[in-house]
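*Asks:* Sequence and predicted structure, then a few things I'm wondering about:
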Amino acid sequence: MLLGQVKGHLVSTAKVPSLNGKKLLVVEIASVREHGLVLTGRDMVCIDAVQAGKGELVILVQGSSSRIAPDLGDVPTDAVIVGIVDSLQAMGKDFDCRQLSREG
């Protein structure tokens, strides 16, 4: 599983039929560091299974895990948003899910 921040949505009018009706979102991968949550600059397109919105911190899965998400068994995908993060505690700290900085 990965953490990421939703950056926006993607529209595709030409696609395989099993993608019809699926919301596609652009997500930037995030990493937990000692000083806070950091955006990595790596973006990916994910199918949204939880109605996430722009700016939200989300949990995403890839590979075989993405293909067994509910209602996605016949969808050719490698990344699915499966959760919206409400709070995060790591390294003995509570992190603000709304405050993400740039790596580097």
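*Replies:* Now that the structure is in, tell me what you want to look at.
*Asks:* ok, now how distant is the residue of the chain most remote from its centre from residue 32?
*Replies:* Centroid-distance maximum for the chain: residue 92 at 24.0 Å, with Cα atoms, centre = their mean. Distance of residue 92 to residue 32, given as Cβ to Cβ, to the nearest Å: 12 Å. (C-beta placed from N, C-alpha, C; glycine too.)
*Asks:* repeat for residue 25
*Replies:* 21 Å.
*Asks:* do residue 77 as well
*Replies:* 25 Å.
*Asks:* of those two, who's got more company?
*Replies:* Neighbours of residue 77 and residue 32, each counted by other Cβ atoms under 10 Å, are more numerous for residue 77; the result is 20 against 15.
*Asks:* Just to check, the more buried one is in contact with residue 68?
*Replies:* No: contact criterion Cβ atoms under 8 Å: residue 77 and residue 68 do not qualify, at 10.8 Å.
*Asks:* how about the strands of the protein, start to end?
*Replies:* 2-10, 24-33, 36-48, 57-62, 79-84, 88-90, 93-95, 100-102 (DSSP state E).
*Asks:* Make TSV from those and add mean pLDDT and distance to residue 18 to it.
*Replies:* Formatted as TSV, the strands of the chain follow (pLDDT from 0 to 100; distance: least, Cβ to Cβ, whole Å):
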stretch	mean pLDDT	distance to residue 18
strand 2-10	96	16
strand 24-33	94	13
strand 36-48	93	10
strand 57-62	94	18
strand 79-84	94	13
strand 88-90	88	33
strand 93-95	83	36
strand 100-102	73	32
